[in-house]
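Colleague: The following comprises the amino acid sequence and a computationally predicted model.
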Amino acid sequence: MKPPAPAAVGVLLALALLALIHLPPPPDHSLLPLPASSPPGPPREAAAALRLERDTPPWLSADDLQKMWLLSSGQVISKTRVPAHGQIMRVRLRAVGDATGDAKEDVLAASPEGDCQDGRCGLIKRPGDLYEVLAFHLDRVLGLNRSLPAVARRFTSRLLPYSYTDGALRPIIWWAPDLQHLEDANNDQNSCALGWLQYQEMLQPHRPMPVARDAPCSSIPHSEWSRLALFDFLLQVHDRLDRYCCGFQPDPSEPCVEEMLHEKCRNPAELVLVHILVRRSAPSRLVFIDNAGRPQHPEEKLNFRLLQGIDSFPAAAVATLRSGRLQSLLLQSLRLDRELWESQGGAEGLRPLLRTIDRRAQILLRHIQEHDLTVFEDSPH
């Protein structure tokens with residue numbers, strides 16, 4: 001047999017490290033780290049890769065695992081503040097054991113522009129955004145595949161301010177280098193400008209005329225909005241489709257009230273959608289960002305406006321919701337994130353949150369049945 005190519009060995013090493021970092025603990029809750037001075041040889045790499053293949057849920061792709069490994073263990077080699085987002089930091093990461101790219105990365109780290117084009121950056125968010133990690137796993141369990149990989153992590157890098165290294169657990173989200181933003185500085189969190197009334201018109205199943213190619217968001221098919229609505233309803237994410245909180249009575253402390261946005265609900269022509277993003281490499285697929293949602297949002301205030309105009313939902317996601325296995329599948333997936341798992345008290349600590357998501361799923365299924373809505377088969381892409 002020919003010896004394995006260096007690239008193949010590198011991939012196996014990455015998988016082996018990921019397996020050892022993220023696999024659930026043995027019964028005594030110990031984790032046996034690899035000796036730093038003696039990296040594993042091919043037989044041990046192969047064993048770790050086989051174990052990973054057996055234990056990793058099928059809804060997480062090899063690309064997901066690679067990005068999760070980078071986010072969870074990569075060394076922070078530079079940082080950049082994100083304009084207008086004071087508590088969020090973009091960092092460049094160096095993968096563990098990647099010595100070949102050190103010189104190039106050092107040059108990139110010194111450059112404020114263009115240093116994340118190779119996909120080796122992450123966005124460190126606030127501790128209160130930790131539910132973004134749950135949202136990522138929910139997205140993958142349901143087969144939507146529109147969220148960016150996310151893990152929970154504690155940071156120790158001296159490059160970061162103390163508030164980032166005080167031991168608090170924070171989510172770090174993979175930074176997609178080709179997100180498409182509008183050039184308008186006041187509306188740069190969108191790939192296309194879309195108002196609520198335009199959005200509702202797009203969703204009409206029997207429009208007399210098709211959407212013009214130059215109309216806002218015309219490259220985004222109906223099925224994408226269905227995925228987004230389903231996802232946002234389960235998490236109660238209001239900021240995309242209903243940032244004005246028009247679909248429920250908000251508390252006075254809600255940002256939509258403090259920023260006097262809720263008052264605009266009286267005039268639907270003033271309402272716009274936010275965080276409607278696509279990647280330049282896939283302009284017909286939405287990218288879901290800022291997905292922490294509202295796990296404590298009361299059931300009597302569920303925002304059904306998020307579902308307005310949606311007449312069908314993805315069949316695979318609906319089947320998962322109907323299976324009665326949503327909680328167990330999420331536990332299987334979340335177990336891979338050791339930091340999140342242990343910080344939340346494992347399965348028992350996570351169950352109240354997962355029961356909330358499952359309860360919303362049952363309400364959504366009842367909504368589908370009562371309104372005689374349909375499901376559609378997912379396209380291969």
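Modeller: Now that the structure is in, tell me what you want to look at. Values in this document were obtained by computation on a predicted structure and should not be read as measured data.
Colleague: okay, now the domains of this protein?
Modeller: Domain assignment of the chain by automatic domain parsing yields the ranges 66-174, 185-376.
Colleague: Tell me where the model's unsure across this protein.
Modeller: Where the chain drops to pLDDT under 70, the residues are 1-54, 84-86, 99-114, 184-188, 206-216, 379-381.
Colleague: all strands for it, in order.
Modeller: For the chain, strands defined by DSSP state E occupy the ranges 75-82, 85-94, 121-124, 150-153, 170-174, 277-279, 282-287, 312-314, 374-376.
Colleague: quick one: which of the ones you listed is nearest Ser218?
Modeller: Between Ser218 and the strands of the chain, the shortest separation by Cβ to Cβ is 9.9 Å, and it involves strand 282-287. Quick note: C-beta positions are derived from backbone N, CA and C, even for glycine.
Colleague: what packs against that closest one?
Modeller: Using 3 or more Cβ pairs under 8 Å, 6 or more residues apart in numbering; DSSP states H and E as the contact test, the elements touching strand 282-287 are helix 222-235, strand 277-279.
Colleague: Extract the C-alpha trace of the first one and format it as PDB.
Modeller: To tie it back to what came earlier, the one meant is helix 222-235. Presented in PDB, the C-alpha positions along helix 222-235 are these (Å, rounded to 0.1, in the frame of the first residue of the first chain):
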ATOM      1  CA  HIS A 222     -40.400  30.900  -1.200                       C
ATOM      2  CA  SER A 223     -39.000  27.800   0.400                       C
ATOM      3  CA  GLU A 224     -36.300  29.900   2.100                       C
ATOM      4  CA  TRP A 225     -38.800  32.100   3.800                       C
ATOM      5  CA  SER A 226     -40.600  28.900   5.000                       C
ATOM      6  CA  ARG A 227     -37.400  27.600   6.600                       C
ATOM      7  CA  LEU A 228     -36.800  31.000   8.300                       C
ATOM      8  CA  ALA A 229     -40.300  31.300   9.600                       C
ATOM      9  CA  LEU A 230     -40.300  27.800  11.100                       C
ATOM     10  CA  PHE A 231     -36.900  28.300  12.700                       C
ATOM     11  CA  ASP A 232     -37.700  31.800  14.100                       C
ATOM     12  CA  PHE A 233     -41.000  30.600  15.500                       C
ATOM     13  CA  LEU A 234     -39.400  27.700  17.500                       C
ATOM     14  CA  LEU A 235     -36.700  30.100  18.900                       C
END
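Colleague: how deep is the closest residue to Arg90 other than its chain neighbours tucked in, by neighbour count?
Modeller: Leaving out its chain neighbours, the residue that sits closest to Arg90 by Cβ to Cβ, 6 or more residues apart in numbering is Thr80, at 4.6 Å. Counted by other Cβ atoms under 10 Å, the residues lying close to Thr80 total 16.
Colleague: Surely Thr80 and Met89 touch.
Modeller: Yes: the pair Thr80 and Met89 qualifies as a contact (Cβ atoms under 8 Å) at a distance of 7.3 Å.
Colleague: Please enumerate the helices of the stretch 101-250 of the chain.
Modeller: Assigned by DSSP state H, counting those that start in this stretch, the helices in the stretch 101-250 of the chain fall at 102-109, 131-141, 196-203, 222-235.
Colleague: Would you convert the domains of the chain into CSV that also reports distance to Thr56?
Modeller: Converted to CSV, the domains of the chain look like this (distance: least, Cβ to Cβ, whole Å):
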stretch, distance to Thr56
domain 66-174, 10
domain 185-376, 7
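Colleague: and of the ones you listed, who's closest to Asp55?
Modeller: domain 185-376 (8.5 Å).
Colleague: Just checking the distance from the closest one to the centre of its chain.
Modeller: Relative to the chain's own centre, domain 185-376 is displaced by 13 Å; criterion: Cα atoms, centre = their mean, to the nearest Å.
Colleague: give me every residue that touches the closest residue to Glu377 other than its chain neighbours.
Modeller: Once flanking residues are discounted, Glu377 sits nearest to Ala315: 5.2 Å by Cβ to Cβ, 6+ apart. By Cβ atoms under 8 Å, 6 or more residues apart in numbering, the contact set of Ala315 is 375-378.
Colleague: again, only using 10 Å
Modeller: Ala315 makes contacts with 143, 374-378, as judged by Cβ atoms under 10 Å, 6 or more residues apart in numbering.
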